Structures are given as C-alpha cells and as structure tokens.
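Undergrad: Got a sequence here, can you build the structure:
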Amino acid sequence: MNTLSWKAAWAIARRDLHRQFRGLRLLLVCLFLGVGALAAIGSLTSAIRGELDAQGQVILGGDFEVEVYQRPLTEEENAFLSEYGELSQGLRMQAMASTDDNTAPVELKAVQDNWPLYGALTLMDGRSVGAPQAGKAWVAEGVADRLGLEPGDTFTLGTTQLAVAGIILEEPDRLSEGFSLGQTVIVPLDVPGKAGLTLPGAMYETKTRLRFDGNYDPEELEETVEEAFPEAGLDIRTRDRASPGAERFVSRMGEFLTLVGLAALVIAGIGIGGGVASYLEARRASIATLKILGATSRDIARIYALQIGAAAVIGSVAGLVAGVAVTPLLASALGSLLPVNNALVIDPAALARAAAFGLLVALVFAAPPILRAREFPAMALMRSRVAPLAQGWQVAALPVGLGLAGIAALALLGSPTPLLSAAFMGGAVVMLGLLTGLGRLIGWAAKKWPRPSNPIVRAALSNLHRPGSATGSLVTALGFGLAAFVLLAGVQTSLNGNIERSVPAIAPDYFVLDLPVARVGEFTAMVEDAAPGSQIVATPTLRGQVIAYGPEDDLTIVSEMEELPDGAWGLRGERGLTYSSAVPQGNIVTEGDWWPQLYDGEPLVSVDEELADAAGLELGDIITVSVLGVERTARIASFRRLDWESMGFNYVFVFSPNALADAPHNVAATVAFPEGTQPGTLLRDLVRTFPSSSVIEVGPILTEARTILDQVALAILAAASVAVLAGIAVLLGAIAAARAARIYDTVILRVLGASRGQLLGLQFAEFGLLAALLAGVSLALGTGLAWLVITQVFEFDWLPDWPRILAVLGAGLVLVLVFAFAASLPVLRAKPAQTLRQL
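TA: Model (predicted):
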C-alpha cells in the first residue's frame, strides 16, 4: 500500500489547522508559557554575564586589584606589582560628612590622580571626569540631597573642609565596591590622612589597582603574588572576577529561574499530552474514516504529527518572541543592581536552547497519543466510546526515550551545577511515576471500596475506576498543578521569613565606628545626656588574619593550604577580631569555659562553633593571627553559638583582653534609644565632637536593605508564577479532556432521568474526591521542591509560613472545583438526541 507523501499529508493536515487551531490551543498556551519563560531567563542571564565579562576591567577599575585592611601596601609590595604595569592607589572607609545643619554617613573613596584606570566618572551635568582636584570632592546625589549641597558648596569631612565639584551620576567601578552603609563621596588620596580618619586603629581598606602594560594572565599573577607574600593578608580580585557577589547572584538566580522554566515546561508537558489526547479523541471518527478509505498507520501519524508539530512550532516561536520582548523590562527592573543593557537582547544560543526544550517536551508528551491513534484499526476507533482502547506505552518508547535524552543533555550541558539539574530532572521523573502509581491506586481502591448508599457519591466513585476513566491523567494533572501552588507559596514565604530574620524589625538606632578607646566614657555621657536610658554596647574592633591553627605540635599553616575546608570561611583573608572580659551579648558558650574577669594568664580565644566544626578545631588548640603585621598566639578556651539574627556585633574570634588590648585599635558601638525618644541634635553633636568617627543611622540602611530584598522576592514570585500559570492551563486541559470523555455518560444519565443538579453534584463529588485525596500528596511534593530550592539553590534557611501555604493549597482546591463547575456547563447543556446521533 502506498504511503501519502509529506506534501499530501500536509494538505490534509492544513484543513484542520485553518480553524484557528481549535483543539490545540492548550498545547499553544503551554508551549508559549514554558518557552517564553526559558527564552527570557536565558536572554537576561546571558546579557548580564556578557556585560560582566565585557566590562570586567571597568567594573574592577583595573586588570588586577589587591586589597588590605588598615595599611597601604609596603614599598616591596608596590614595587613587585609595578613591574606588571601602572598602579593606582585607593582607600575605602566609612565616614561622616556634615554641614552646619545636617550630617550624613558616607562611603569615603579616596583615589589617586590617575583614577580610574578604565572608564570614566559621569557627573549629573554630563561631564566625564577622573579624580577630583585638591580640596574638591565628587558627591553622590543622595549625599547632596541630605546635606542640601550644590556644586560649589562646602562641607566638612573629619577635620577638613571640601568643596563640591560635581554630583555623581554614574560611578564606573560601583558594582565592584559591594554593599555600603552610605552613598559615595570621592576625594583625593591624601584627604583621609589630613582629616584625621586614618589614625592607628582606624578601620579602613586600601585598594591598589593595576593596569597591565603587557599580555599577562591575571590568574597566574594572583598565584605569583600569593607565593611572594603568603602572610601579608592580601585579598586579590581580577578583571575576570570583578564582582564575585554579582556573578554569584546572577548564577544562583539564573539557575533557579531555569529550573522554574523547566518546571513550567514539565507541567506544561502534561497539559500537552492531555490536550493532544483530547484533540485526537475529538477526531476519532475522522481518523477511522481515513483508515477505511485506505490511509495507512504511517499516513495517520504523518497527518497528525504535522498538525501538532506546526502548532508546537508556532507556540514555541510565539514564546521566543514574548521572551525577547519581556527581557528589556526585566533588565530595567534589575538595572540598579546589575550591569545590563535595557535594549532588546537576542542571544541565539539561549533562544535555540529554549525552543529545543519546548519542542522536545512536546515530542515526549505528544508522541504516545499520536502513535496509539495510528496503531488501532478503524473498527476499534469507531467503538472506542463503549470499548475503550488499551493504552500501552511500548509503542512510544523510542520517541519518548529520545526526547527525554535530548532534554537531559540540554539541561546538563548548559547548567553551571549539573548535579542539581540532574536531581531536578530525576525528581520530576519520580513525581510523574508517583502520581501515575497514585492514579492507579486510587482507581483500584475506588473499585474495592464498599458501594455508598448516596447515588451521587456512588456514581462519582464509579467514575474513578470505570473503563475509559480519566483518573490517571486527572491525578497527574491535578497533582502537578496543586504542587505548583504549594511550591510557589513555600518559596515565597520562606524567602519572606529569611528577609524578616536577616533584617530584623528591632535593631540599634545608631552604629558608631572608629570611636577612640580613651573617649568611650565621653561618648557614653553625651548619649545619656541626650537620651537617658539608652542602651550602649561598645566593642573593641581590630582586623587580623589567621595564619596558623591546630594542635601546638602540629600547626596547619593557612598559606600552605591548597583549599580551605568547606565552611571554614573564617580562615580566609582578614576579618574582624575583638576581645572581651565577658561573653558577648547574644552568644552562648557551648563547650569549654570563659575566662574570668581581670584574667592575666596565657592568651585565650573563643571560636564560633560552626567554624570550629568546619576547620576541625578542638579545645586546647592554638590559633595564630597577624594584627597589623604582628603575630599573636592564643589557645582555644571555648566554643560559642552566635546570634546571627541580631544586628549586634558578632565575631567568630573573641580573645581574652590580654591577647589584643595593647594593639592599636578603636571601638565600635551600638546605641538603642528608649522607645519614643527623640535624640534631637545628638547626631550632629557626635559628628562635631568625634570628627574621626562614623555615626550611622540604622533606619535608612534597613529600609534600603528591605527594599532590595523585597525586589528580589518579587522577581522570584513573578518568575515562579509562570509555573503556576502552566499548572492552571494543565488543570483546564485535564478537565476539558475529561469533559469530552464523559459527554456520552452524561447524555445516558440525562435519558435515564438524571436532573442537572444531580449531574452537577456528580462532577463536584468526583473532582472533590480527587482533590481531597491529592491535597496531602501535593503538599508533600510542593514543600519538598520548595525546600530544595531554598536550601540548595539559594542556600537560605527553610522558614516556611505553614498557615499561608495551607491557605494557598486550599485556594488551589477551590480553583479546581470552580474549573470543574465551569467545564461542566457545556456538558449539562448538551442535548441528548443530538449528542446520541453524533456518537
């Protein structure tokens, strides 16, 4: 028997498609959502990574950067680096800028005359400039607004007066500077020293940037510098890692959003399978007629594969167009956080990957119903209403297997964390298997369950196991759809929980940095006079680097370690140190003993228990730190649990006073006013009395932090909503497919005298039984996936709001019943005589 040519098959297929894809709209919607989400995600992350790579030198401000705390580089270190190109020295610290009437915390950025080595500073008046001239400063718009400054006005910084030379519009290396407790003021390199801000013990950081004069490899130079100065406490960044925080954020967000897109596609795939099955069921008579007229099974497969393939291509292309179109909107929302162009971004690789995902998912879920339709003889198709066709999976094993292999290859090859992607795909397969098995179990249980006396409930229970029942597909669709609601609620509420815990509502009113040790009493008296009853906590602050640790006779040298133990971040580079006679507020000693008051024996140290566990530290071990180039050794006396949720001072290393008190240092303090107290002019008085100190108002900082975190949470909510929309589409498709399958049953019941109310009750009872049975399963699946996203992708704590999650699940159940009711209306309106003639 001759097989139809592709041209002839297309001519037949096209006649059905001209009706605005009637019957295939669910497939179009599902692919549109899934492919569009992946296209937008891929294009956005690709654009951001491209900007980070292309602007690495500008973002860093050089090809190579060396950071060190509380000192400039030595002559030897400068001479070593200058062999590779031009150096530009810089200094960063917190400071206070003031006028006669106002004060503002600022991030002070002192730069050398040749700053920036790459890029240019753009001012509000349109000028592109470099370092300010002597006695001048560039100030951020926020600083100018708070202090009421205009170009030409003067303000005080420490003990020095400066003139505003311009208002900053765009800072070339802003992204590499990270989070700050104030907006930027850029001054000449010698200003901090002249203003008395860099006295011994002051907390500041020097940044020396290098512009290569040859073709040097930054990674190789980093290794060379570390070998030449192993114990200098140098932190190094290169143009390829200009902003590690931004790169990590983009990687994590891109990974999560890609998983969201894949989840949407998996959920959409179920809808595609149901939609295609429903579409082919509606054309059962046409397929049988074609076979009677001589069409072969291959002809049938070609005709309907062309129809569904055309719809899949159109849905995918529409999704690609939508994904590209929405990328500028997403870029605009992230423009203040990340370097990304708001123009249209077309990344062929990302778009091809999104389209391939969509078409492969369509293949996996559409192939089984197409191949089943081609295998059955015409008479079986004609009688399928009363003698349902067997639904074996073996016939579709090859295309489904190839599609799954293609999806796995795309997901793993394009993922920065293949293991997580593999775990996600494995979890999706397990979920499908569980829901499929659950559908069969429900059908079996419904068959074995005693027959209820209520006829409506009895009929609903029979519908769950009768021949041709759609229980299996409904369980899969409802399970995934409800799990998507729970997943979204779990992720969103847990993110909110982390935000609330990390940015507490109760916090100190002021943070004070670089307060001279000898003037703590004067500071306390000023605060008490202005706001009696204030809580003041003063803590010595130093910077130091761990250079060795472990048993006294077998010390581990940190500079000789190829890789730090996982979680031992406290051993990396310089970090804050302090000393105390008493256990710090909010800390709990979990092992060992605290030293007594006025202790004067062997220097001791207390270590954070998590760091101790990660580094393998034991009580009695030795820790050697370098403070301002001087080595100091202490013995571990105790381990502590820190209160990271507070906004107080938390140090992983707390020494006995005799270990560090003689080192040059200052004090940091927190001030909490009694509720309802107005400090009046205290802030301005403190700045004038302590010009070298920084007094930071916590309220505006918390507001800014909350705003940023809320924006991130909103972006995640918007992205995850794609999966929920796909879940809703799947629910609609599953209910529509079930509706088509039960029109025959409804008509027979109408002929036998069933009222519309009874038929409606039957629909509610059947879907209500399924929804109730699936509620617990969906809760477990959704919260499990949410836990994986929160703890493994974002590395946050799992802090769900269970009442809200249960409320969302309840809303999902109500939505299912509403959809069931809406889908039942056409069934109830069907006229028995007309319907029976069409069967």
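Undergrad: Please point out which parts of the one helix or strand Thr156 maps to sit buried.
TA: For Thr156, the host element (DSSP states H and E) is strand 154-157. Applying a neighbour-count criterion of 16 or more other CB atoms under 10 Å, one finds Phe155, Thr156, Leu157 buried in strand 154-157. In this view, the C-beta of every residue, glycine as well, is placed from N, C-alpha and C.
Undergrad: Within the sheet, what are the partner strands of it, with directions?
TA: Strand 154-157 has the following sheet partners, assigned by DSSP bridges: strand 85-98 (antiparallel), strand 160-170 (antiparallel).
Undergrad: Could you save the buried residues of strand 154-157 as TSV and add columns showing pLDDT and distance to Pro800?
TA: Listed next are the buried residues of strand 154-157 as TSV, based on pLDDT from 0 to 100; distance: CB to CB, whole Å:
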residue	pLDDT	distance to Pro800
Phe155	92	48
Thr156	89	50
Leu157	88	47
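Undergrad: from what I can see Ala775 touches Leu813, true?
TA: Yes. Using CB atoms under 8 Å, Ala775 makes contact with Leu813 at a distance of 6.3 Å.
Undergrad: sorry, back to before: can I get the buried residues of strand 154-157 in CSV including distance to Ala301?
TA: Compiled in CSV, the buried residues of strand 154-157 are given as follows (distance: CB to CB, whole Å):
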residue, distance to Ala301
Phe155, 78
Thr156, 82
Leu157, 78
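Undergrad: Looking at those, spot the one nearest Glu528.
TA: Thr156 (25.6 Å; CB to CB).
Undergrad: Distance of the closest residue to the closest one other than its chain neighbours relative to Gln183?
TA: Nearest residue to Thr156 in three dimensions, chain neighbours excluded: Ser98, at 5.0 Å (CB to CB, 6 or more residues apart in numbering). Applying CB to CB, to the nearest Å, the value for Ser98 to Gln183 is 14 Å.
Undergrad: what do you get for Gly214?
TA: Computed as CB to CB, the Gly214 to Gln183 distance reads 37 Å.
Undergrad: of those two, who's got more company?
TA: Neighbours per residue, other CB atoms under 10 Å: of Gly214 and Gln183, the larger number sits with Gln183, 19 against 7.
Undergrad: Next, Asn650: phi, psi?
TA: phi -120, psi 120 (degrees, to the nearest 10).
Undergrad: Tell me how many other residues crowd the closest residue to it other than its chain neighbours.
TA: Leaving aside its chain neighbours, Asn650 sits nearest to Leu642 (4.8 Å; criterion: CB to CB, 6+ apart). Neighbourhood size, Leu642 [other CB under 10 Å]: 19.
Undergrad: wouldn't Leu642 be in contact with Phe649 here?
TA: No. Using CB under 8 Å, Leu642 makes no contact with Phe649, being 10.1 Å away.
Undergrad: Low-confidence bits of the stretch 101-250 of the chain, can you list those?
TA: 178-181, 241-250 (pLDDT under 70).
Undergrad: err, the stretch 651-800 of the chain, not the other one
TA: Using pLDDT under 70, the stretch 651-800 of the chain drops low at 699-745, 793-794.
Undergrad: which residues in it form strands?
TA: Counting by DSSP state E, counting those that start in this stretch, one finds strands in the stretch 651-800 of the chain at the ranges 653-655, 666-672, 694-697.
Undergrad: any chance of those in a markdown table, plus mean neighbour count and distance to Leu402?
TA: Converted to a markdown table, the strands of the stretch 651-800 of the chain look like this (neighbours: other CB atoms under 10 Å; distance: least, CB to CB, whole Å):
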| stretch | mean neighbour count | distance to Leu402 |
| --- | --- | --- |
| strand 653-655 | 27 | 57 |
| strand 666-672 | 22 | 63 |
| strand 694-697 | 22 | 60 |
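Undergrad: Can you convert those into a markdown table and add a column each for distance to Phe32?
TA: As requested, the strands of the stretch 651-800 of the chain are exported to a markdown table (distance: least, CB to CB, whole Å):
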| stretch | distance to Phe32 |
| --- | --- |
| strand 653-655 | 55 |
| strand 666-672 | 53 |
| strand 694-697 | 48 |
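Undergrad: The ones you listed: which one's closest to Gly275?
TA: strand 694-697 (57.3 Å).
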